[in-house]
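Requesting a structural model of the entry that follows:
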Amino acid sequence: MESASSQAFDLDERKIFLPIESNNDNGFLDDELICSMNLCMEEDDKCAGETNMDLSLTEKTVEPYIGMDFNSRDEARESYITYGRYTGFTVRIHHNRRSRINNMVIGQDFVCSREGYREKKYVHRKDRVLPIPPMTREGCHAMLRVALRDGVKWVVTKFVKDHNHTLMSPNKVPLRGGKNLISQDDKDQKIRELTLELYNERQRCKRRCTAYQEQIQTLLKHIEEHTDHLSRSVQDIVQRVKELENGELEN
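Numbering: from 1, shown residues only. This is a model prediction of the structure:
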């Protein structure tokens, strides 16, 4: 009885641990299984990366509010950019306000990139060759306004949260290209450089105009002197002719 039971156990054991026969079909199934597992792992990594990014954005993101202060305009801009990236929109630098006393920037607006509308002259062009690009401005009023207080802090004086368009998911917000997000200080520096260059060019043009004017006046003076000389010469000739005529008549 023991031998029979042991043989039966051995048979069951063999059935459990029988080697798996492999053929081409099973090979394809294994490859598909491995590929599916790899895709799942990639998706998990991607989701984990997006989750980490969302967590990092969440840690850095603070919704603006009236009275919120910053140490600089750049800090306010970076804070609003981070908030926009977490919320689902991109930021564009709008106009600023300057002091009438020393022309220093005392106010700055940051708006949603879909603020305003595209000018009609860019849409209805008679010489257009390429198709009209998609509309990127929808008159969105979302914005952040900061103002300089006591010459030190930049304080939020206006914040419009609501958008009139669908927001993107944080992982789909495009990275800023830097074109529309140039530092205001860099803009001011560029304006000063261009203003100085324009002033120098004006001075050069003014000097050239003065030199040309002097040359023209000199030329006109020479022409006038030459005209006077010719007039006197003609008068002398006329006088001599008259004298000759009178002499002939007397003879």
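
going forward, measure contacts between C-alpha atoms and count neighbours the same way
OK.

residue boundaries of the helices in the stretch 51-200 of the chain?
Ranges of helices in the stretch 51-200 of the chain, per DSSP state H, counting those that start in this stretch, are 73-87, 120-123, 184-250.

want to try JSON lines for those helices, with mean pLDDT and mean neighbour count as columns?
Listed next are the helices of the stretch 51-200 of the chain as JSON lines, based on pLDDT from 0 to 100; neighbours: other CA atoms under 10 Å:
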{"stretch": "helix 73-87", "mean pLDDT": "90", "mean neighbour count": "20"}
{"stretch": "helix 120-123", "mean pLDDT": "63", "mean neighbour count": "10"}
{"stretch": "helix 184-250", "mean pLDDT": "86", "mean neighbour count": "12"}
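
out of those, which comes closest to residue 106?
Shortest separation from residue 106 across the helices of the stretch 51-200 of the chain is recorded for helix 73-87, at 9.7 Å, computed as CA to CA.

Go ahead and produce CSV holding the CA coordinates of the closest one.
Output in CSV follows, covering the C-alpha atoms of helix 73-87 (Å, rounded to 0.1, in the frame of the first residue of the first chain):
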residue,chain,number,x,y,z
ARG,A,73,8.7,91.4,-10.6
ASP,A,74,10.6,88.3,-11.7
GLU,A,75,9.6,86.5,-8.6
ALA,A,76,5.9,87.4,-9.2
ARG,A,77,6.2,86.3,-12.8
GLU,A,78,7.7,83.0,-11.9
SER,A,79,5.1,82.4,-9.3
TYR,A,80,2.3,83.1,-11.8
ILE,A,81,3.9,80.9,-14.5
THR,A,82,4.1,78.0,-12.0
TYR,A,83,0.5,78.6,-11.0
GLY,A,84,-0.5,78.7,-14.7
ARG,A,85,1.4,75.5,-15.4
TYR,A,86,-0.3,73.7,-12.5
THR,A,87,-3.7,75.1,-13.5
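
mind putting the helices of the stretch 51-200 of the chain in TSV, distance to residue 114 included?
Below are these laid out as TSV (distance: least, CA to CA, whole Å):
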stretch	distance to residue 114
helix 73-87	12
helix 120-123	16
helix 184-250	20
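
how about these, which one is nearest residue 103?
Closest to residue 103 of the helices of the stretch 51-200 of the chain is helix 184-250 (CA to CA; 10.7 Å).

That closest one to helix 73-87, inter-axis angle?
120 degrees (axes from the mean of the first three to the mean of the last three CA atoms, to 10 degrees).

Can you get me a residue count around residue 113?
20 (other CA atoms under 10 Å).

neighbours around residue 159, how many?
Using other CA under 10 Å, residue 159 has 20 other residues around it.

next one: residue 171
Neighbours of residue 171 (other CA under 10 Å): 15.

picking up where we left off before, for residue 107, which of the helices of the stretch 51-200 of the chain is the nearest?
helix 73-87 (8.9 Å).

Which elements pack onto the closest one?
helix 24-60, strand 91-98, strand 105-112, strand 143-149 (3 or more CA pairs under 8 Å, 6 or more residues apart in numbering; DSSP states H and E).

Out of those, name the one with the poorest average pLDDT.
Note on the helices and strands packed on helix 73-87: helix 24-60 shows the lowest mean pLDDT, a mean of 50.

Would you mind measuring from residue 75 to residue 81?
Going from residue 75 to residue 81 by CA to CA, to the nearest Å gives 10 Å.
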